[in-house]
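J.: coordinates for the following, if possible.
(2 chains)
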Amino acid sequence: MANLASNFVGIKSPNPFWLASAPPTDKAYNVVRAFRDGWGGVVWKTLGTDPPVVNVSGPRYGAIHSNDRRLIGLNNIELITDRPLEVNLREIKEVKRDWPDRALVVSLMVPCEEHYWKDILAKVEETEADGVELNFGCPHGMSERGMGAAVGQVPEYVEMVTRWCKQHTRMPVIVKLTPNISDIRTSARAAHNGGADAVSLINTINSIIGVDIDNFAPIPTVDGKGSHGGYCGPAVKPIALNMTAEIARDPQTRELPISGIGGITTWRDAVEFMTLGAGNVQVCTAAMTYGFRIVQEMITGLSSYMDKHGFTSVDEIVGRAVGNVTDWQYLNLNYVAKAKIDQDSCIQCGRCHIACEDTSHQAITSMLDGKRHFEVIDAECVGCNLCVNVCPVENCITMEPMLAGVDPRTGFPITGEYANWTTHKNNPMAKAFVPAEPAE
Amino acid sequence: MPSHLPDIASGRLSPDEYAANFLDIHPPLDHHQAIVEADRCYFCYDAPCVKACPTSIDIPLFIRQILTDNPEGSAETILSQNILGGMCARVCPTETLCEEACVREEAEGKPVKIGLLQRYATDVLMDERGEQPFARAASTGKRVAVVGAGPAGLSAAHRLAMHGHDVVIYDARPKAGGLNEYGIAAYKAPDDFAQKEVDFVLSIGGITVERGKAIGRDVSLAELRQSYDAVFLGMGLAGVNALGLEGEDLAGVADAVDYIAELRQASDLATLPVGARVVVVGGGMTAIDVAAQSKRLGAREVTIVYRRGQEKMGASEYEQDLAQTDGVVIRHNAKPKRLVTEAGRVSAIEFEETRDDGGRLVGTGVTFTLAADTVFKAIGQTLVPAALNGSAETIALDGGKIRVDDERRTTLPGVWAGGDCAATGEDLTVAAVADGRIAAESMHTALSTSSVAA
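T.: Residues are numbered from 1 along each chain as shown, chains lettered A, B, ... in the order given. Next up is the predicted model:
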């Protein structure tokens, strides 16, 4: 069993798996259950000012399912905690007292005036909580009142509020970012400039999850009407991974710690986020789908992975893939790969053929000597990988790099030399040949 | 052989046992099960399952329509190729047709349950919409006679009616449906499905059924050719192969098809007598159906004896397994040699073991005897050509069945044929439906382009 202990901006937890600020962390009852099952920490559901907000009493969630009703994406129109501030603060204090080894961070969202932030920070400090997370992310409801994503979408506000908070508390300040912007780096830089100890991302994505096509209303429908909500779950992971990597490789924010959020369901998802720069991860939808016990799979999976790679600390994983995330212009245009179909494992479904024939490069046969037979035509294959992705059989189609010889499609010899778009003759902006990606 | 009284009795089981034994053998999928199963389909290119279907149903498309919650559209896809898609979903040996070809069979030995999905879609359409999705074209004024209201005849009649021709079906039995009504095992099509489907097919309109009218008895082929613009022969096989043994006409020896028909028509299975020891001679689906149903009626020992090896049996392995699970014993490589009779009825049957001598079946001289209260003959049915006599010209046969070309035309002008009575290959419900449709399209072309000489 590897040592999974985590230290994120000074906040210690026995493992890097935290529950994100959301319904699962709204009450001591839930949080204690989560700690019993092994979660390393929680971000308590967002506190606001009294009187508390009021949530709808109709459906608050909508989902996208696979055909066997696996939950792939979830959206919600729930607001921040609707319990009195005093109740939440008392419970936070009790839980932290009873579970001192677990991370307990408190999410906050109050109006954009300094005194509101100053007041609530003082109250949170009294609970002995480990830190605060500023909720600049929720895209629905609260944003109509000038909070949540309405703040997160304006870099100046992000910086301003972050600075207030850093001034008024000794606790670490994590800034939770909204993905509903055009360039996540701008938000992260603003948080960084405001003095944030870390950013966490992504919050949910603006969404209408579906439409009731018989009653002509968005889902979830509250008395005949629907409102856009926040989208999360496995479907958003690719978006979150990219935003994490963008911040991790931005020269201005590369030292800024990141708490990764967005569709993390398994240990493998968590490791992916960490390799792209996340110091720890936060989970919500997976717990809301399966219950808290999933963390046990995450803990054992991460441990096995670390043992396999000989990692003795989770920090050794953090950022390991960042150096391999680059701009398209630096990809090696001399690299040539061809699809190869393993005839022994091919089950003859023909999906590779029709995908390539109808929509791509006409590079896979359907017949050979009058018989059903699927084989790559190297002279046509551009190495796009579509056939690999549509093949239902694992490892039946693989991409094989060409290491020598001549590419039968282009007639160009395989030289093994690196050359990218920046120096390509077809590029009107081509620079002089540089043999490798510029060192940063 | 010890002397014994024949033990043939009805009411061997409790009402609950009868009900349980003759329940739907493959319970239908519910909505969620259908979606999950449909999701397993890979939507193959040039799908092998379609090629394996005698009626060439666009299986990937109909499954995708189920997946997208369009079961009625799915049923239309099925029924446009096979109007008896509901019955075929129940009785097709899918394990040797579409499901054997399914790439998931190759991949993991678990094909997509195409038959059950087809049943799901057709059930939704028939139960919920009730009416069929096809309408008749404007009347052509042409009249077509169809002989036999079985799968081939119904299929032909429906397609002809759809094209605007007026159809009269002549059928020898009191009910339409052919083997769907009088053959096949009861647990494959419970709840009177065969008649529901007949009603569904006929609801297109333009089809009259003359029940109890047999060709060669009540109506002649010559008359039909005279009176109608075209004739389709789909009357099946009325004759039954004989064992060729002395005593074959004694009590205790019966045709399997007759017993199955009796069972299918029984209003109360408890009134149907069944022997305690039943021996079935044969190796096809009829043998399996009569054996398994005898067991389910309470027979104590049921043995199928087939003259060749297991691999030569006409019944699919799946069907053999079903029968064996019911407790039926299957013995291979033995041919009937002698009926043992006692007091004017059969009491046992003696077999001689066989071996394959370069394709030729020879007896080994080793014999064994099975006590039997009932011996069922299930060694095939035959065309009774006499029924077609009376025509000025003689219809050509091929291996004892009516010779037809690719379009199911016989050698007589204006006469088409299909189903079991035609020499088209497999004796399956689905093949008969395909014949009917192919013939109807050919007839429609002929009727549309010129007047067919009668």
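
J.: okay, and residue B:447 sits in which element?
T.: Assigned by DSSP states H and E, residue B:447 belongs to helix B:429-449.

J.: tell me, how many residues neighbour residue B:31?
T.: Residues lying near residue B:31 (other Cβ atoms under 10 Å in any protein chain shown) number 12. Glycine gets a C-beta too; all of them are placed from N, C-alpha and C.

J.: let me see the contact set for the residue of chain B found nearest chain A.
T.: Residue of chain B nearest chain A, by Cβ to the nearest Cβ: residue B:45 (3.0 Å). By Cβ atoms under 8 Å, 6 or more residues apart in numbering or on different chains, the residues touching residue B:45 are A:349, A:350, A:351, A:353, A:354, A:366.

J.: among those residues, which ones lie close to chain B?
T.: Counting by Cβ under 8 Å from any Cβ of the partner chain, A:349, A:350, A:351, A:353, A:354, A:366 from the contacts of residue B:45 sit close to chain B.

J.: pretty sure the first one sits against residue B:42.
T.: Yes. With contact defined as Cβ atoms under 8 Å, residue A:349 reaches residue B:42; the gap is 4.6 Å.

J.: residues that sit against both of the two, list them.
T.: Common neighbours of residue A:349 and residue B:42 (Cβ under 8 Å, 6+ apart) are A:392, B:103.

J.: higher neighbour count, these two?
T.: residue A:349 (28 against 21).

J.: what's that one in contact with, if anything?
T.: So residue A:349 contacts A:392, B:42, B:44, B:45, B:103 (Cβ under 8 Å, 6+ apart).

J.: any chance of these in a markdown table, plus distance to residue B:182 and pLDDT?
T.: A markdown table is the format used below for the contacts of residue A:349 (distance: Cβ to Cβ, whole Å; pLDDT from 0 to 100):
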| residue | distance to residue B:182 | pLDDT |
| --- | --- | --- |
| A:392 | 43 | 97 |
| B:42 | 39 | 96 |
| B:44 | 37 | 97 |
| B:45 | 41 | 97 |
| B:103 | 37 | 97 |
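
J.: of those, which belong to helices?
T.: With helices defined by DSSP state H, the entries of the contacts of residue A:349 inside them are residue B:103.

J.: from the contacts of residue A:349, which two are the most distant?
T.: A:392 and B:45 (12.3 Å; Cβ to Cβ).

J.: shared neighbours, the two?
T.: A:349, A:351.

J.: okay, whatever residue of the stretch 201-350 of chain A ends up closest to chain B and residue A:129: tell me how far apart.
T.: Nearest to chain B, among the residues of the stretch 201-350 of chain A, is residue A:350, at 3.0 Å (Cβ to the nearest Cβ). Residue A:350 sits at a distance of 58 Å from residue A:129 (criterion: Cβ to Cβ, to the nearest Å).

J.: near residue A:224, how many other residues are there?
T.: 9.

J.: so it makes contact with residue A:217?
T.: Yes. With contact defined as Cβ under 8 Å, residue A:224 counts as touching residue A:217 (5.9 Å).

J.: for residue 411, give me phi and psi.
T.: I went with chain A, as the question did not name one. Per-residue torsions, residue A:411: phi 80, psi 0 (degrees, to the nearest 10).

J.: try chain B instead
T.: Residue B:411 has phi and psi values of phi -80, psi -10 when expressed as degrees, to the nearest 10.
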